[in-house]
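**Student:** All I have is the shape, not the residue letters:
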Ligand code: SF4
């Protein structure tokens, strides 16, 4: 029996489970890892279409407080442990955040994220961001925040101010986490995710790939996200930054990235799965394949410390793929 034929039978069985939202087992996920990639992408695409249709969720962010972070995440340009060439500044004014929101809305983003560097922002910064969120609410925006390991009270203040969603990545598996950060733990991150959910905020939580993790680590991350029942899953792919310990990390190939996206679609079939940092530099001409591999969203308009390509190019790509940007605000 040829590999493709064998793979098709296995894939069909796993596809039928995922479309009914019957959780795949770890052994089944491992079979996906070994599957023929054409079959994997074909079924991942069908899962995306079944759960998300042809709408593409677009999100944009502002780096509202940059650099000088106490943490030592090995990949991050904003860590004070590394010598990188980035702008460092305290929390920007509310009017700067409102201007960035206007640009994001004009670009068709359905989610606007206010992101700050650091383990967590101060109480004064939470108050300032809440005031900005209140003013944005009046213009119909639905705001997401990514402000680190906040306590329950701060999370509740954000919710009251109109913030709908909180972003906090786990980054990688529990096993591998100590290789990428030692100033806080994987469990610290999980605890923050749980506090966010307890506060009644939606949680956007995913990871970063290309750190030296194994495929088993990637599956572990996907299963942890499924157990936490996160709402939205951003997938980032390392864009090595000079001056960080991972500056010379080998790059993932476009096809490996697409395979990761497809695995996440199978394990988290009904979730929003977005491709964020590292899209342009790692996928190059294969960017439009993210949808065929199962992604239902993407970040547009640039990243925290690196620019993206033009939003016009991204919108053209979506249109050329026969898809359209999700209109509703999330
Ligand atoms: S990822 Fe976040 S916590 Fe880690 S160093 Fe960068 S800004 Fe700090």
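**Tutor:** Ah, there it is. Predicted model only: the values in this text are computed from it and were never measured.

**Student:** Let's test this: name the helix or strand in this protein with the lowest mean pLDDT.
**Tutor:** helix 3-19 (a mean of 82; mean pLDDT, DSSP states H and E).

**Student:** Would you pull up how far that helix lies from the middle of the chain?
**Tutor:** The gap between where helix 3-19 is centred and where its chain is centred comes out at 27 Å by Cα atoms, centre = their mean, to the nearest Å.

**Student:** ok, so what distance separates the residue nearest to residue 80 when sequence neighbours are not counted from residue 84?
**Tutor:** Residue nearest to residue 80 in three dimensions, not counting chain neighbours: residue 68, with 5.4 Å by Cβ to Cβ, 6 or more residues apart in numbering. From N, CA and C alone the C-beta is placed, and that goes for glycine too. According to Cβ to Cβ, to the nearest Å, residue 68 and residue 84 sit 11 Å apart.

**Student:** So for the two, which sits in the more crowded spot?
**Tutor:** residue 84 (18 against 14; other Cβ atoms under 10 Å).

**Student:** Name the SS class of that one, please.
**Tutor:** coil (DSSP: H, G, I helix; E, B strand; the rest coil).

**Student:** Correct me if wrong: it contacts residue 244.
**Tutor:** Yes. At 6.3 Å, residue 84 counts as touching residue 244 under the criterion of Cβ atoms under 8 Å.

**Student:** who touches both of the two?
**Tutor:** Common contacts of residue 84 and residue 244, defined by Cβ atoms under 8 Å, 6 or more residues apart in numbering, comprise residue 77.

**Student:** So which elements touch the helix or strand hosting residue 176?
**Tutor:** Residue 176 is part of helix 174-180 when elements are defined by DSSP states H and E. Here helix 174-180 touches helix 186-198, helix 215-228, going by 3 or more Cβ pairs under 8 Å, 6 or more residues apart in numbering; DSSP states H and E.

**Student:** Just want the phi and psi numbers for the residue lying closest to residue 254 once chain neighbours are set aside.
**Tutor:** Leaving aside its chain neighbours, residue 254 sits nearest to residue 286 (3.9 Å; criterion: Cβ to Cβ, 6+ apart). With angles defined as degrees, to the nearest 10, residue 286 sits at phi -90, psi 10.

**Student:** Okay, and the nearest residue to residue 199 once chain neighbours are set aside sits in which element?
**Tutor:** Excluding its sequence neighbours, the residue lying closest to residue 199 (Cβ to Cβ, 6+ apart) is residue 155, at 3.8 Å. When elements are assigned from DSSP H and E, residue 155 belongs to helix 152-160.

**Student:** repeat for residue 127
**Tutor:** Going by DSSP H and E, residue 127 is in helix 123-138.

**Student:** and if you look at residue 61?
**Tutor:** strand 55-65.

**Student:** What residues of the following helix or strand past that strand count as buried?
**Tutor:** As assigned by DSSP H and E, the chain's next helix or strand after strand 55-65 is helix 94-106. Buried residues in helix 94-106, counting neighbours by 16 or more other Cβ atoms under 10 Å, are found at 94, 97, 100-101, 104-105.

**Student:** Kindly report the same for stretch 263-272.
**Tutor:** Those would be 263-269, 271-272, for stretch 263-272 by 16+ other Cβ under 10 Å.

**Student:** how about the spatially most central residue of the chain, phi and psi?
**Tutor:** Residue closest to the average C-alpha location in the chain (Cα atoms, centre = their mean): residue 234, at 1.5 Å. Here is the backbone geometry of residue 234 (degrees, to the nearest 10): phi -80, psi 130.
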